[in-house]
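1. after the sequence you'll find the predicted model.
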Amino acid sequence: MHAICEDLKTEYNELDRVVAGLDEETWSLVTPFYGWTIKDEISHLSYYESAALQSLTGREAFTAGFEALLGSMKPGDDLFDEINARGGKQPVRDLLASWRTTREKLLAGLAKRGVKDRLAWYGPDMSARSFATARLMEVWAHGQDILDALGLSRQPTARLKHIAHMGVATYGWSFVNRQMDVPAAEIRVALNGPSNEIWTWGPEDAAETVSGSAEGFCLVITQRRNIADTDIIVRGAAAHLWMDIAQAFAGPPADPPAAGERVH
C-alpha cells in the first residue's frame, strides 16, 4: 500500500497547491463540471474523504453515514448539491483545514491496510489498493475541472497509470451500469506514458484496440473530455462503444461532455 498511498498523497498536495492561494472570489469561479464552483469541487472531495474514513472503520459506520446524509434531505433534493453545500457553508479557510485533516487521517488508515483488504463503497466492495486508486482518480479528475476553470494546465505524471488501470478494470462496469450486455470482444489498450514508456492491457493480438496518450485516455474514462477532443484512436465496434460510455467512477450512468465543449 505504500506506493499507492504516496502517489495519492502527492496528488492531494498538488491540488492543494493550486487552490491554497486563491482568493475568496476565485473560489466562487464556476468550473465546466456541471456548473460546480471551485469550492463545490473541494467540498465534494472533502465529503468523500470523510466517507472513505467511515469505510475504514467498517461497513456499519459507512452505511450509517450515508443513511444519515439521505435522511437529512428533502424529497427532490439533489444528492451532490447537498454534499457540496456542507462544505459550501464553511469559510474557505475552514474547508481547506477540514479537507487536509481528513485526508491525512485517510492516508494513515489506508497505509495500515493490506492491499487485498475489502472496503465498503457505493456499489461493490473494493480492495484497499483499488479504493486508494479510486480516491486518486477522483482528486485528479476534480483537479482537472479546477485547472480548466483557471485556464491552467499540468504536466502528465506516472500517477496516470493508476487511473488508466482503473479505466481498463471498469470496462464491464461501464456497460453493466447502463444495463447493457458486456461485449465479449477482447480489447488491447496501449497508452503512451509521460516518459515515452508504453503501458499495455489486454491480448497483444486483439482485433480491437484503444491507443494514444495516457492523459487522453484518463480524460475520457473520467469523462473530463469527449474522445473527439483527445488523441485517442479506437479500432473495433466494442472498443468504440466502450469509449463512448466509459465511466471509471461509481454512481449512476453519466455522459461525457459534447465534442468541443471542454477543450483547453
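-> Nice, thanks for sending it over. Numbers count the residues shown, from 1 in each chain.

2. would you mark the buried spots in the worst-scoring helix or strand of the chain on mean pLDDT?
-> Using mean pLDDT, DSSP states H and E, helix 79-88 stands out as the lowest-scoring helix or strand of the chain, at a mean of 78. For helix 79-88, the neighbour count (16 or more other Cβ atoms under 10 Å) marks 83, 84, 86, 87, 88 as buried. Where you see a C-beta, it was placed from the backbone N, CA and C, and this is true even at glycine.

3. how far away is the second one from residue 77?
-> Spelled out, that is residue 84. For residue 84, the distance to residue 77 (Cβ to Cβ, to the nearest Å) stands at 12 Å.

4. so what's the gap between the least confident helix or strand of the chain and the chain middle?
-> Computed by Cα atoms, centre = their mean, to the nearest Å, the chain-centroid distance of helix 79-88 equals 18 Å.

5. could you dump that helix to CSV, C-alpha only?
-> The C-alpha atoms that make up helix 79-88 are tabulated as CSV, following Å, rounded to 0.1, in the frame of the first residue of the first chain:
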residue,chain,number,x,y,z
LEU,A,79,-27.6,14.4,-3.6
PHE,A,80,-24.5,16.2,-4.9
ASP,A,81,-26.0,19.7,-4.1
GLU,A,82,-26.5,18.5,-0.5
ILE,A,83,-22.9,17.2,-0.3
ASN,A,84,-21.4,20.3,-1.8
ALA,A,85,-23.5,22.6,0.4
ARG,A,86,-22.0,21.1,3.5
GLY,A,87,-18.5,22.4,2.6
GLY,A,88,-20.0,25.4,0.9
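
6. what comes up buried for the very next helix or strand once past it?
-> Where DSSP states H and E defines the elements, the next helix or strand beyond helix 79-88 is helix 92-111. Under the neighbour-count criterion of 16+ other Cβ under 10 Å, helix 92-111 has 92, 95-96, 98-100, 102-103, 106-107, 109-111 buried.

7. measure the residue lying closest to residue 8 once chain neighbours are set aside to residue 130 for me?
-> Setting aside the residues directly before and after it, residue 8 is nearest to residue 136 in space (Cβ to Cβ, 6 or more residues apart in numbering), at 4.7 Å. Applying Cβ to Cβ, the value for residue 136 to residue 130 is 10 Å.

8. in a markdown table, list the buried residues of helix 79-88 along with distance to residue 239.
-> A markdown table is the format used below for these (distance: Cβ to Cβ, whole Å):
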| residue | distance to residue 239 |
| --- | --- |
| 83 | 34 |
| 84 | 35 |
| 86 | 40 |
| 87 | 38 |
| 88 | 40 |
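
9. pick the one among these closest to residue 260.
-> Residue 260 lies nearest to residue 84 out of the buried residues of helix 79-88, by Cβ to Cβ, at 26.8 Å.

10. other SSEs contacting the helix or strand harbouring residue 210?
-> Element membership for residue 210, per DSSP H and E: strand 208-213. In terms of contacts (3 or more Cβ pairs under 8 Å, 6 or more residues apart in numbering; DSSP states H and E), strand 208-213 is packed against strand 187-192, strand 233-235, helix 237-245.

11. go again using 10 Å as the cut-off
-> Counting contacts by 3 or more Cβ pairs under 10 Å, 6 or more residues apart in numbering; DSSP states H and E, strand 208-213 packs against helix 160-169, strand 187-192, strand 198-201, helix 214-221, strand 233-235, helix 237-245.

12. and the shortest one, what's buried?
-> This means strand 233-235. residue 234.

13. parallel or antiparallel, list what pairs with that strand.
-> With DSSP bridges as the test, strand 233-235 is paired with strand 208-213 (antiparallel).
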